[in-house]
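sequence and predicted model, in that order:
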Amino acid sequence: MLRWAVREFPELRGRIVLISRGGTEGWARGLDAQYIDILSLFSTEEFAAHRALSDKQRQVQEFELRVIDAVKAKLGCSEAAVLHPMVLYRAYFRFLKINQLAYPRSLAEGSEGVDGLASIYKPIEVPELGPELDFLPDDYVAVRFYSSASFPDQEAARRFASQVVNGLARRTNVVLLGHPFEIDDHGEVQRDVPTGVFSVQHLMRPENNLAIQTPVIGHAKAFIGTYGGFSYLAPFLGVPSLSFSVDRGRTLAHHQVLAQRLFDGPGWGDFVSLRHSDLPLIELVVNDPQARSDSIDVDGSAHA
């Protein structure tokens, strides 16, 4: 929506102050926007408490008013118009949820939004790997399994995540993207780092975790993990994404349909979303006998 707004109202260019968290300024390249991280102004605990009360920004919350006041004070700006995410949410619910069957067949780079929704979709430029990431191999798969409504932190999900990571590690280099702190309701499902698997969690802090994870995903040959935000980020970076849900009934179909039709167009990484129980079926077409013998256990029973 911000890209659309800057195109329609060029006088906004260079005047936008983008407030987010985790070091995501690189996601907004091309807007000439100034970036201020919430976690440079408030503690992780204050932000996490707010997220626990309001995950989606469908209306202006008290904490957000405090954030806006803090940003104004930091910039020495007494007055500023606020473009709140609720504007996008209102359009989103009206045009996408109610009329989701009217989506265009594909959404190419730079295309307009859906059914009048003001938006422009554009890939994210892949950042360079900084010197702190020199220890990573040249060729790897980025992995993150975290808890969500459709991938609950339960024994079946933890077992599945562990088996996927171990299976991948026998065939390729694996870099885990998990972090050691809790900032929202997406806790780590894959908590242990198996021998021979790389991890970047020692580099991450609440104010820079996405700034670390974005280039790691951007330079991977694929992303594998929980269906959700990270599975969308990878195609925006031109990286193929394979994601899983344990409870498909808890996913939001209109999100997935929009993502699939967007990423089916040119200029994006491939996007594939499956149930965790689909993997044994896929193994039927795998030619490697060893891969079949090490098949993933999704119900607690052994597969020979």
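Looks like it arrived, so ask away. Residues are numbered from 1 along each chain as shown.

can you count the residues close to the residue lying closest to Tyr227 once chain neighbours are set aside?
Spatial nearest neighbour of Tyr227, chain neighbours left out: Ser243 (3.9 Å); criterion: CB to CB, 6 or more residues apart in numbering. (Glycine included, C-beta is placed from N, CA and C.) Neighbour count of Ser243, defined by other CB atoms under 10 Å: 23.

residues touching Ser243, list them.
Phe223, Ile224, Gly225, Thr226, Tyr227, Gly228, Phe230, Ser231, Val272, Ser273, Leu274 (CB atoms under 8 Å, 6 or more residues apart in numbering).

could you give the mean pLDDT of whatever helix or strand it lives in?
Assigned by DSSP states H and E, Ser243 falls within strand 241-245. Across strand 241-245, the average pLDDT comes to 94.

show the average pLDDT along the next helix or strand after it.
Heading C-terminal from strand 241-245, the first helix or strand you meet, by DSSP H and E, is helix 253-263. The pLDDT scores in helix 253-263 average 82.

before we move on, what about stretch 150-165?
The average pLDDT within stretch 150-165 is 88.

what about the closest residue to Phe145 other than its chain neighbours, distance to Ser273?
Nearest non-adjacent residue to Phe145, counting by CB to CB, 6+ apart: Ala161, 3.8 Å away. The gap separating Ala161 from Ser273 is 16 Å, by CB to CB, to the nearest Å.

of those two, who's got more company?
A side-by-side neighbour count of Ala161 and Ser273, using other CB under 10 Å, places Ala161 first with 26 against 21.

you'd agree that one is up against Asp192?
No: counting by CB atoms under 8 Å, Ala161 does not reach Asp192; the two are 10.0 Å apart.

what's the domain layout of this structure?
Using automatic domain parsing, the domain parsing of the chain gives 2-102, 131-293.

please identify the most buried of those domains.
Here the criterion is mean neighbour count by mean count of other CB atoms under 10 Å, and of the domains of the chain the winner is domain 131-293, at a mean of 18.

in space, what's closest to Val272 - neighbours in sequence excluded?
Counting by CB to CB, 6+ apart, Leu242 is the residue found nearest to Val272 once chain neighbours are left out, at 5.0 Å.

the closest residue to Gly228 other than its chain neighbours and Glu188: what is the separation?
The shortest distance from Gly228 to any non-neighbouring residue, by CB to CB, 6+ apart, is to Ser148 (5.3 Å). To Glu188, Ser148 is 12 Å away according to CB to CB.

picking that back up, give the contact list for the residue nearest to Val272.
The contact partners of Leu242, by CB under 8 Å, 6+ apart, come to Ala222, Phe223, Ile224, Ser231, Val272, Leu274.

perfect, that will be all.
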